[in-house]
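Participant: sequence? don't have it. structure:
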């Protein structure tokens, strides 16, 4: 199937794309913030609630057994998708932020290396636990300075926590190299894979990554569900962050014996329906093919970059050689919020603001940007309509 035909077929799977916004067809260009949901994921949620809903790990009646089976199957799907050794290495969380916080609490007061391009969710948790933080600098293209990274690594470095893909610029970081460098100094590595799950092949064994966190809602799944992958022997050394039901072996009035991973980190009634729907989202991604998605989105990135650079006064923030389908830009003389509001009236949804990446934006001397991000359902015509709308904005807002 030709890539354009591929995108047109994918569009049929997303019911939200059929609507109009302010009388204009919806052009959704904010998939880096959250992805829209294909019908199969919506159906997985509604079918479970309508026909199979029950608690998990707590009862023997039919609905509970069915719910437990589907919940466990979702965990197994995700393990296969990431090529984990076992589904016991897959911890369900509320999202990437939740997973990073869980790991951060295990490294309280220790030396941790981050980068200047991290999302706030990979900065604030480390500050909260009093970690001794070092930052990998970035160059003018928003690429990591690996020579500087090498100098930051010491025998005291306990962990390197790094984004696979920067949400603010789309820079793809060489995580394979980073993991090798960190391991050579005895440090563990946590990868923030929020921006790569639906767009980039992930193989945790090939990468030899220690921990990896992701969010369901950025991978065509529902909100409120995420995954923390961890090598089992490492997970088994960690203490639980929360206490409650299902994360215990035995409880007495004096002490508690905790369950083995992953249940040790899943206190309380879990997001059952959301986990099952995330499994459906993984099925959907695999049906499209991650490499097919990546190829099409790269075509969109190339085309959109060329078209956007024809606009007077437009400057792209983040011009790395290796980029995902994210473009951040500013236009001289126009505030990013005004531009976002104008585009909304044209039916075009983009992200405006600091993108939870204020340190990076400060590095480039801007308070906020406009960010366009693509999904496999986007097409060239939508890029053309974006450019037309931006040209119109120049006449109205300047």
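Facilitator: Ah, there it is. The model shown is predicted, which means the values in this text are computed figures rather than measured ones.
Participant: Report how many residues lie close to residue 386.
Facilitator: 22 (other CB atoms under 10 Å). Every C-beta, even on glycine, is put in place using the N, C-alpha and C of the backbone.
Participant: Could you say which helix or strand holds the closest residue to residue 70 other than its chain neighbours?
Facilitator: Closest residue in space to residue 70, ignoring its immediate chain neighbours: residue 276 at 5.0 Å, by CB to CB, 6 or more residues apart in numbering. Per DSSP states H and E, residue 276 falls inside helix 272-288.
Participant: any idea which helix or strand comes after that helix?
Facilitator: helix 290-308.
Participant: Now do that following helix against helix 272-288, angle only.
Facilitator: 80 degrees (axes from the mean of the first three to the mean of the last three CA atoms, to 10 degrees).
Participant: tell me which residues in helix 290-308 are buried?
Facilitator: 290, 293-294, 296-301, 304-305, 307-308 (16 or more other CB atoms under 10 Å).
Participant: any idea how far it is from the chain center?
Facilitator: 18 Å (CA atoms, centre = their mean, to the nearest Å).
Participant: Mind giving me the packing neighbours of that helix?
Facilitator: helix 3-11, strand 314-317, strand 326-331, helix 380-397 (3 or more CB pairs under 8 Å, 6 or more residues apart in numbering; DSSP states H and E).
Participant: hmm, 10 Å instead?
Facilitator: The contact analysis (3 or more CB pairs under 10 Å, 6 or more residues apart in numbering; DSSP states H and E) places helix 290-308 against helix 3-11, strand 314-317, strand 326-331, strand 369-373, helix 380-397.
Participant: which residues touch residue 229?
Facilitator: 78-79, 82-84, 89-91, 99, 190-191, 193, 202, 204, 209-214, 235, 262 (CB atoms under 10 Å, 6 or more residues apart in numbering).
Participant: Buried among the residues you listed? Make that a PyMOL selection.
Facilitator: Only the buried entries of the contacts of residue 229 go into this PyMOL selection, using 16+ other CB under 10 Å:
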select buried, resi 78+79+82+84+89+90+91+99+190+191+193+202+204+209+210+211+212+213+214+235+262
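Participant: Quick check: strands, which of the contacts of residue 229 are part of them?
Facilitator: Among the contacts of residue 229, the ones falling in strands (DSSP state E) are 90-91, 190-191, 211-214.
Participant: related to what we said a few turns ago, how many neighbours does the residue nearest to residue 70 have?
Facilitator: Counted with other CB under 10 Å, the neighbours of residue 276 add up to 26.
Participant: ok, now the one 4 residues further on?
Facilitator: Per other CB under 10 Å, the neighbour tally for residue 280 reads 24.
Participant: now swap in the one 5 residues further on and tell me
Facilitator: The local packing of residue 285 (other CB under 10 Å) involves 20 other residues.
Participant: correct me, but it touches residue 219?
Facilitator: Yes: between residue 285 and residue 219 a contact is recorded at 6.7 Å, counting by CB atoms under 10 Å.
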